[in-house]
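1. this one's sequence-less:
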DNA sequence: TGCCATGTACGAAGCCCTTCGTATATTGCG
DNA sequence: CGCAATATACGAAGGGCTTCGTACATGGCA
């Protein structure tokens, strides 16, 4: 996971999520996925993915007429950077503060809380 | 906390953090604070704060020659929206996933973990 | 074989954010 | 009083992101 790789933009992240979840695929397939959620042109997705290739966010196999794109950055490290970025920008680097916000968020379900508690239990031994 | 208020941009957030922490103040004072961290022109800060006033992110008292700016959005609700936004964009709405990333982040200290555990304990009763 | 569907390449527009330079007004002090 | 310091207002440039239209190549099928 090269350090120089930029943090993906919104549109780029949406595409990476698909590639991470479903594996390498063509622009057409990605476009079909995105289309299910919102209206977006084919060439828009194509262009974005071409730029992502330039930025090394993805690689592509050009051996077939329809190029096959593959995520070139790790899901975990990208997500970690996204969190780290928010931490720095808004929470003075305090993970505790951010977690508190996450917990009070409408998205935090009882089930989430349960999972988180479990994570903490597992983490408590290997604490740094 | 009006729903229509936009999520603050980077530069705007940096200014809001100062206003939240130190209370209402002039452009000059905010500029001095920002200057301590990076090189930035006075009129840059002024312009940004003027735009923030238009967007209702801040209000300003113009009764004195040096206008006094005050945050017009609540710290908690803005931060909550930032987290919620990231949750939606990258973590499929799962707070548990995000917290996991936060915990594995370099910023998460042992002290943070302790605080978080305590938060969870307090939260476990009032779980939604 | 020839045409239509389907690809890629590429330029450019529109938007927002950030930044600054310049113009202009006002204040207070020597 | 007049000038230097300090304000605000405002226009505009530059960069990144997103979007799309258009041009062109290619491949498979009738």
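-> That came through, no problem. Remember, predicted model here, so these are calculated numbers, not experimental data.
2. surely residue A:66 touches residue A:25?
-> No - applying Cβ atoms under 8 Å as the test, residue A:66 and residue A:25 come out as separate, 9.5 Å apart. C-beta coordinates here come from the backbone N, C-alpha and C atoms, glycine included.
3. who's more crowded, those two?
-> residue A:25 (16 against 12; other Cβ atoms under 10 Å in any protein chain shown).
4. how about the contacts made by that one?
-> Applying Cβ atoms under 8 Å, 6 or more residues apart in numbering or on different chains to residue A:25 gives the contacts A:18-19, A:68-69.
5. can you check residue A:75 too?
-> So residue A:75 contacts A:16, A:20 (Cβ under 8 Å, 6+ apart).
6. any chance of the backbone angles for residue A:95?
-> Dihedral pair for residue A:95: phi -60, psi -30, per degrees, to the nearest 10.
7. now it: how far from chain B?
-> As judged by Cβ to the nearest Cβ, to the nearest Å, residue A:95 and chain B stand 4 Å apart.
8. give me the neighbour count for that residue.
-> Residue A:95: 26 neighbours (other Cβ under 10 Å).
9. surely it meets residue B:116?
-> Yes - look at residue A:95 against residue B:116 with Cβ under 8 Å: they come within range, at 7.4 Å.
10. buried residues, the helix-or-strand element of chain A with minimal mean pLDDT. List them.
-> The least trusted helix or strand in chain A, going by mean pLDDT, DSSP states H and E, turns out to be helix A:110-125, with a mean of 74. Residues A:112-113, A:115-117, A:119-120, A:123 are the ones in helix A:110-125 that count as buried (16 or more other Cβ atoms under 10 Å in any protein chain shown).
11. and the angle for that helix with helix B:110-125?
-> If you take axes from the mean of the first three to the mean of the last three Cα atoms, to 10 degrees, helix A:110-125 sits at 150 degrees to helix B:110-125.
12. remind me what helix A:110-125 packs against, helices and strands.
-> helix B:95-104, helix B:110-125 (3 or more Cβ pairs under 8 Å, 6 or more residues apart in numbering or on different chains; DSSP states H and E).
13. what residues does chain A put near DNA strand C?
-> Contact residues (Cβ under 7 Å from any atom of the strand) of chain A with DNA strand C: A:26-28, A:42-43, A:46-47, A:50, A:62, A:65-67.
14. now those as TSV including secondary structure and pLDDT?
-> Output for those, formatted as TSV (DSSP: H, G, I helix; E, B strand; the rest coil; pLDDT from 0 to 100):
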residue	secondary structure	pLDDT
A:26	strand	98
A:27	helix	98
A:28	helix	98
A:42	helix	98
A:43	helix	98
A:46	helix	98
A:47	helix	98
A:50	helix	98
A:62	coil	97
A:65	coil	95
A:66	coil	97
A:67	coil	98
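15. which one (most neighbours) among those?
-> Ranking these using other Cβ under 10 Å puts residue A:27 first, with 21 neighbours.
16. how near is the residue lying closest to that residue once chain neighbours are set aside to residue B:82?
-> If the residues on either side of it in the chain are set aside, residue A:27 comes closest to residue A:46, at 4.9 Å by Cβ to Cβ, 6 or more residues apart in numbering or on different chains. Per Cβ to Cβ, to the nearest Å, residue A:46 is found 31 Å from residue B:82.
17. equivalent analysis for residue A:24, please.
-> For residue A:24, the distance to residue B:82 - Cβ to Cβ - is 32 Å.
18. again with residue A:54
-> On the measure of Cβ to Cβ, residue A:54 and residue B:82 end up 29 Å apart.
19. have a look at these two and say which one is more surrounded.
-> More neighbours surround residue B:82 than the other of residue A:54 and residue B:82, with 19 against 9 (other Cβ under 10 Å).
20. so how far is DNA strand C from the nearest residue to residue A:10 once chain neighbours are set aside?
-> Beyond its immediate neighbours in the sequence, the residue positioned closest to residue A:10 (Cβ to Cβ, 6+ apart) is residue B:89, lying 6.5 Å away. Computed with Cβ to the nearest atom of the strand, to the nearest Å, the distance linking residue B:89 and DNA strand C is 16 Å.
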